[in-house]
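Colleague: Generate coordinates for the sequence data below:
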Amino acid sequence: MISGTILIIGGTSGIGFEVAKKAIEEGAKVVVVSSNQDKVDSAVAELGASASGAVADLENGDPEAALKPVFEKHAFNHVILTAEKRPEFRKLADIDVDYIRRTYRLKVEVGLIVAKLVQKYLPEDYKSSYIMTGGSATDKPVPGWSVASGATAALTGLVKALALDLAPRRVNVVAPGAVDTPLWGEKTPEVQAMLSHIGESLPLKKVATSAEVAEAYLYLLKDTNATASIVNTNGGGLL
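Modeller: Residues are numbered from 1 along each chain as shown. All right, here's what the predicted structure looks like:
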């Protein structure tokens, strides 16, 4: 069972939405956050009475100002950051400062601001936690993903430092590999072919579903002895 209220930033679709569903099944209440009001309304309607939602645009403007009212309105026990943007592949020769900043925005910049709010608003107790979302590119980089690999690798250091700064609250990271999520956009033949190709390259011969990866977050919510941990869920993609 999971007690208390969980804030899931990025909880209206994909991995975050599956975490919300599973957490509610375990007895928790959830608040899902997205930049899109329609997505919030749709997610809350599907999740039911144990869910509520809020709108916060974290890619533009001040993320602290956008999220602070949400923290002030609710008494959270856990915060999960799953918000992502669609992967943008660029060769090293084509990157610029704007691209680097956009890539680091949600994982690193917003991740740190959320940590600041966690320190201020979450109970100082090992039963409270903050979970961020990394990726397997940290340990097995892909050509053309130098910037994205750097963003996920930054969390390897952050999770350790934040586990000290936010203690006794727990801080952990889930690092998924390839996941079939709405982030890929319309399931065109090209996208389907890409996912199939990735899946065939893995020992399990498939890419993960959002529901499968969500189980890693549930584990970290429950294991009150886990902090500064990175939980990998990648179908053997690091082999």
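
Colleague: Please, where are all the strands along the protein?
Modeller: With strands called from DSSP state E, the chain shows them at 5-9, 29-34, 51-55, 78-81, 129-133, 170-176, 179-180, 208-209, 229-233.

Colleague: What lies in contact with the longest one?
Modeller: What it means is strand 170-176. Residues external to strand 170-176 that are found in contact with it (CB atoms under 8 Å, 6 or more residues apart in numbering): 15, 115, 126, 128-136, 138-139, 152, 155-156, 159, 162-163, 208, 213, 216-217, 220, 224, 226-234. No exception for glycine: its C-beta is placed from N, CA and C like everyone else's.

Colleague: which secondary structure elements does the longest helix seen in the chain contact?
Modeller: Determined from DSSP state H, the single longest helix within the chain is helix 146-165. Judged by 3 or more CB pairs under 8 Å, 6 or more residues apart in numbering; DSSP states H and E, helix 146-165 is in contact with helix 97-104, helix 110-121, strand 129-133, strand 170-176, strand 229-233.

Colleague: and it with helix 97-104, angle?
Modeller: Between the axes of helix 146-165 and helix 97-104, defined by axes from the mean of the first three to the mean of the last three CA atoms, to 10 degrees, the angle is 50 degrees.

Colleague: buried set for helix 146-165?
Modeller: For helix 146-165, the neighbour count (16 or more other CB atoms under 10 Å) marks 146-155, 158-160, 162-163 as buried.

Colleague: quick one: it to chain centroid distance?
Modeller: 13 Å (CA atoms, centre = their mean, to the nearest Å).

Colleague: now swap in stretch 232-239 and tell me
Modeller: Worked out by CA atoms, centre = their mean, stretch 232-239 lies 17 Å from the chain centre.

Colleague: Output it as CSV, restricted to C-alpha atoms.
Modeller: C-alpha atoms of stretch 232-239 as CSV (Å, rounded to 0.1, in the frame of the first residue of the first chain):
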residue,chain,number,x,y,z
ASN,A,232,17.4,0.7,-14.3
THR,A,233,14.5,-0.7,-16.4
ASN,A,234,15.8,-1.2,-20.0
GLY,A,235,15.1,-4.7,-21.2
GLY,A,236,18.8,-5.6,-21.0
GLY,A,237,19.7,-2.6,-23.2
LEU,A,238,23.0,-2.0,-21.3
LEU,A,239,24.3,-5.5,-22.3
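
Colleague: contact partners of it?
Modeller: 136, 139-140, 174-178, 199, 201-204, 206-208, 212-213, 215-216.

Colleague: These in helices, which ones?
Modeller: Per DSSP H, the subset of the contacts of stretch 232-239 in helices is 199, 212-213, 215-216.

Colleague: Most neighbours among those, which one?
Modeller: Most neighbours among the ones in helices among the contacts of stretch 232-239, by other CB atoms under 10 Å: Val213, with 25 neighbours.

Colleague: Tell me, how many residues neighbour Arg86?
Modeller: 9.

Colleague: swap that for Gly185, sorry
Modeller: 8.

Colleague: Thought Arg86 was touching it, still the case?
Modeller: Yes - Gly185 lies in contact with Arg86 (CB atoms under 8 Å); the separation is 6.2 Å.

Colleague: how much does the longest helix of the chain deviate in direction from strand 170-176?
Modeller: 160 degrees.

Colleague: check contacts around the residue lying closest to Lys107 once chain neighbours are set aside.
Modeller: Nearest non-adjacent residue to Lys107, counting by CB to CB, 6 or more residues apart in numbering: Ala151, 4.8 Å away. Counting by CB under 8 Å, 6+ apart, Ala151 touches 103-104, 107-108.
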